[in-house]
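A.B. asks: Build me a model:
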Amino acid sequence: MVKKVGIALLCMALGTSLYARDGISESKPFIGFEIGYATVQGDVGGFFPGDVFRDYEGSDVEFGIRIGAKKDEWRTTLSFNYFDGDEDGKKQNYGKGLASIDYLFLSSNESSFQPFLGVNVGYINYESTEDIDMSGFIYGAQAGVIVSVTDNIELDIQYRYSLSSATQDDHDASLDHIGSIVFGLNYIY
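C.D. replies: Alright, predicted model coming up:
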């Protein structure tokens, strides 16, 4: 699992640097952390013929780290998030690595508020107490606003929605989607 996540993060790091036409040296790199409230939704099939699918859903706090670069009206971010939920005695957790690209609607020279829309792609490993352990790709979109506090500090709030291809055939289980409200703090260096 660690090798898969490491390879996925390395590929995302190499891929996100490609958009910078004039070189990475002109972009503003940042590092930061994020915390949010996530809802995980999936389906688990029954073990016997005729059993119906039952949905499982869990909500709890997710937290993570991020690194990225911002240039003019574009921002790329690599993030790793961890979720550990316990609802009705059912424990579930995931680790996910995401690469995201955001389009910023206003220049930071024009306003200290910059709304954005973006897309994300990554890899997730999901585990639960129902003997479920699955991994797969995730992809989705996000929207939010960045607030410049100082020249080197930015806050952002966003809603991130990601669909998943993670399945586990022996339990007829699948991870459908994750929706998160995320607060981030970035240090621009």
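A.B. asks: Poorly predicted segments of this protein, please.
C.D. replies: Within the chain, the ranges that satisfy pLDDT under 70 run 1-25, 43-56, 88-89, 108-110, 130, 169-172.
A.B. asks: Show me which residues of stretch 86-100 are buried.
C.D. replies: Using 16 or more other Cβ atoms under 10 Å as the test for burial, stretch 86-100 gives 92-100. Glycine gets a C-beta too; all of them are placed from N, C-alpha and C.
A.B. asks: residue boundaries of the strands in this protein?
C.D. replies: Assigned strands in the chain, in chain order: 28-44, 54-71, 74-87, 90-104, 113-128, 132-148, 153-164, 167-168, 173-188 (criterion: DSSP state E).
A.B. asks: which strands and helices sit next to the fifth one?
C.D. replies: Using 3 or more Cβ pairs under 8 Å, 6 or more residues apart in numbering; DSSP states H and E as the contact criterion, the neighbours of strand 113-128 among helices and strands are helix 2-16, strand 90-104, strand 132-148, strand 153-164, strand 173-188.
A.B. asks: So for the chain, the centremost residue is which one?
C.D. replies: In the chain, the centroid-proximal residue (Cα atoms, centre = their mean) is Leu98; its distance is 4.8 Å.
A.B. asks: Quick check: closest non-adjacent residue to Ile132.
C.D. replies: Ala173 (5.2 Å; Cβ to Cβ, 6 or more residues apart in numbering).
A.B. asks: brain fart, Val121
C.D. replies: Nearest non-adjacent residue to Val121 (Cβ to Cβ, 6+ apart): Tyr139, at 4.7 Å.
A.B. asks: what bridges to the one you found?
C.D. replies: Val121, Leu163 (DSSP bridges).
A.B. asks: In contact with it: list those residues for me.
C.D. replies: The contact partners of Tyr139, by Cβ atoms under 8 Å, 6 or more residues apart in numbering, come to 119-122, 162-163.
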